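Enquirer: Fold the following for me, if possible:
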Amino acid sequence: MVDEAENSRRWPDTLVVELVEHVPLAHWNGMDLISTEGEVFSASVDAELPRLSGLKAPGPRWSILIGNASRFLPRSGCASAS
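Expert: Prediction:
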């Protein structure tokens with residue numbers, strides 16, 4: 001569940017790959033997942049996650065909604081937040 005990936009070359013013989021993972025918070029409206037950052041994405045997850053549906057928040061308030069929800073939902077254990 002990669003959110004971002006960057007690679008660079010460090011001369012003379014090193015390739016550096018940096019990955020940022022999506023940390024799933026809950027299932028979202030059916031088949032998708034929602035991350036702890038409030039991003040909706042699709043992936044296979046073996047962990048037991050709560051199901052969310054019908055949540056709505058305008059523009060910048062979306063991150064506040066997810067931040068508040070994440071305080072009350074258990075972490076999935078799929079990845080650790082850094």
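
Enquirer: Please report how far S8 lies from A26.
Expert: From S8 over to A26 the distance is 34 Å, taken as C-beta to C-beta, to the nearest Å. Quick note: C-beta positions are derived from backbone N, CA and C, even for glycine.

Enquirer: do E6 as well
Expert: On the measure of C-beta to C-beta, E6 and A26 end up 27 Å apart.

Enquirer: just A5 next, same as before
Expert: Counting by C-beta to C-beta, the gap from A5 to A26 is 24 Å.

Enquirer: ok, those two, which is more surrounded?
Expert: A26 (21 against 9; other C-beta atoms under 10 Å).

Enquirer: Which helix or which strand is home to the more buried one?
Expert: Secondary structure from DSSP states H and E places A26 in strand 24-28.

Enquirer: In terms of secondary structure, what does that strand contact?
Expert: Applying 3 or more C-beta pairs under 8 Å, 6 or more residues apart in numbering; DSSP states H and E, one finds that strand 24-28 makes contact with strand 32-35, strand 51-52, helix 61-72.

Enquirer: In PDB, list the C-alpha atoms belonging to that strand.
Expert: Below are the C-alpha coordinates for strand 24-28, written out as PDB (Å, rounded to 0.1, in the frame of the first residue of the first chain):
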ATOM      1  CA  PRO A  24      -5.400   2.100   6.600                       C
ATOM      2  CA  LEU A  25      -7.800   3.400   9.200                       C
ATOM      3  CA  ALA A  26     -11.100   1.800   8.000                       C
ATOM      4  CA  HIS A  27     -13.100   0.400   5.100                       C
ATOM      5  CA  TRP A  28     -14.800   3.200   3.200                       C
END
